[in-house]
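Q: Would you be able to build a 3D model of this:
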Amino acid sequence: MSGAGVWTRGREKMRRFPACFARCAGEAAAYGRCVTATTTGRHELKKDSCAREFEALKICFTNAAKKGAN
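A: I've put the predicted structure just below:
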């Protein structure tokens, strides 16, 4: 296993992050609304409370990252 170029690859992925995130603004907002609604007051976020919204965000982000790589 070679470590050559590992930092370069990591930096490149981080540079693409804002563009990928911008493509998924709607999904990110929906997930944020769900988390906010679920954790109002003293309630804690429970596992899978916003699973549907998170899955939509994950799929969008994965697709945006694939498009950005091409």
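
Q: Would you mind putting the CA coordinates of stretch 44-53 into CSV?
A: Output in CSV follows, covering the C-alpha atoms of stretch 44-53 (Å, rounded to 0.1, in the frame of the first residue of the first chain):
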residue,chain,number,x,y,z
GLU,A,44,-32.7,14.4,21.3
LEU,A,45,-32.3,13.2,17.8
LYS,A,46,-33.0,9.5,17.6
LYS,A,47,-31.5,7.1,15.1
ASP,A,48,-33.4,6.9,11.9
SER,A,49,-35.7,9.9,12.8
CYS,A,50,-34.7,11.6,9.5
ALA,A,51,-33.5,8.5,7.6
ARG,A,52,-35.6,9.2,4.5
GLU,A,53,-34.3,12.8,4.2
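
Q: What ranges does the protein have for its helices?
A: Secondary structure of the chain (DSSP state H): helices at 6-23, 25-38, 51-69.

Q: Which of these has the lowest mean pLDDT?
A: Of all those, the minimum mean pLDDT falls on helix 6-23 (a mean of 79).

Q: which secondary structure elements does that helix contact?
A: Using 3 or more CB pairs under 8 Å, 6 or more residues apart in numbering; DSSP states H and E, the elements in contact with helix 6-23 are helix 51-69. Every C-beta, even on glycine, is put in place using the N, C-alpha and C of the backbone.

Q: What residues sit buried inside the helix it packs on?
A: Neighbour counts over helix 51-69 (16 or more other CB atoms under 10 Å) mark 53-54, 56-57, 60-61, 64-65 as buried.

Q: What sits closest to A65 if chain neighbours are left out?
A: In space, and not counting its chain neighbours, A65 is closest to C20: 5.1 Å by CB to CB, 6 or more residues apart in numbering.
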